[in-house]
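A.B. asks: Sequence first, then the predicted structure:
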Amino acid sequence: MGVFTATRYVASLPQVSIDWLVGEGVSLVLLDRDNTCVPRDTRKVPAEVTAWLAGARSAGLTLCLVSNNFHSGQVRATADELGCEVVDHAMKPAPFALRRAMEMHGATPDKTVMIGDQVFTDVAAGNLAGVRTVLVRPQSRRDLWYTQVFRVFELLALRNHPFEGE
């Protein structure tokens, strides 16, 4: 498995099986913010994401946002709304923020999963940190200009990976 290969490919965060996470022994779920939990075009957490997060917490999972977004106030507000901790200015694909989040929560890589919408940031950071990774489709087509450039290369990287739930 390469650094740009996810453990699982799922159409959206609400379709990630909480039973699978628990069955795999996961205790900490690291979540990307933009276009994973919060669509870039509305900046509002969808009800189905809120419900999934509540279900994950009910199953005993700890949740933590790990975001590259440099707007700390927005990221903190989302974390507060979602009821989870946050590590911002993550600089993914570097694995340091993921390791910091694991340390904050006393989790080890074998008990952690990273869920995000970008191959070259979220999946790469998770793999470099030694955690399982779940790639989801972005919630919105709206992205930062440089993310849109990377999306072109993602299409090539994802051509042989079907997404569950589609």
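C.D. replies: Cool, the structure landed. Numbers count the residues shown, from 1 in each chain.

A.B. asks: Sketch out the low-pLDDT regions of the protein for me.
C.D. replies: Scanning the chain for pLDDT under 70 picks out 1, 139-153, 155-159, 166.

A.B. asks: again, 50 this time
C.D. replies: Nowhere does the chain drop to pLDDT under 50.

A.B. asks: Sketch out the strands for it, chain order is fine.
C.D. replies: 8-10, 28-31, 62-66, 85-87, 112-116, 132-136 (DSSP state E).

A.B. asks: Mind putting those into JSON lines with distance to P46 and mean neighbour count?
C.D. replies: Bear in mind the C-beta positions are built from the backbone N, C-alpha and C, glycine included. Converted to JSON lines, the strands of the chain look like this (distance: least, CB to CB, whole Å; neighbours: other CB atoms under 10 Å):
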{"stretch": "strand 8-10", "distance to P46": "15", "mean neighbour count": "19"}
{"stretch": "strand 28-31", "distance to P46": "14", "mean neighbour count": "26"}
{"stretch": "strand 62-66", "distance to P46": "15", "mean neighbour count": "23"}
{"stretch": "strand 85-87", "distance to P46": "19", "mean neighbour count": "19"}
{"stretch": "strand 112-116", "distance to P46": "15", "mean neighbour count": "27"}
{"stretch": "strand 132-136", "distance to P46": "13", "mean neighbour count": "25"}
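
A.B. asks: closest one to V75 among those?
C.D. replies: Closest approach to V75 among the strands of the chain (CB to CB): strand 85-87, 5.7 Å.

A.B. asks: Show me what the closest one pairs with in its sheet, parallel or antiparallel.
C.D. replies: When pairing is defined by DSSP bridges, strand 85-87 lines up against strand 62-66 (parallel).

A.B. asks: Now do the partner strand against strand 112-116, angle only.
C.D. replies: Interaxial angle, strand 62-66 versus strand 112-116 (axes from the mean of the first three to the mean of the last three CA atoms, to 10 degrees): 50 degrees.

A.B. asks: could you dump the strands of the chain to CSV with distance to A77?
C.D. replies: Converted to CSV, those look like this (distance: least, CB to CB, whole Å):
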stretch, distance to A77
strand 8-10, 26
strand 28-31, 15
strand 62-66, 11
strand 85-87, 10
strand 112-116, 19
strand 132-136, 22
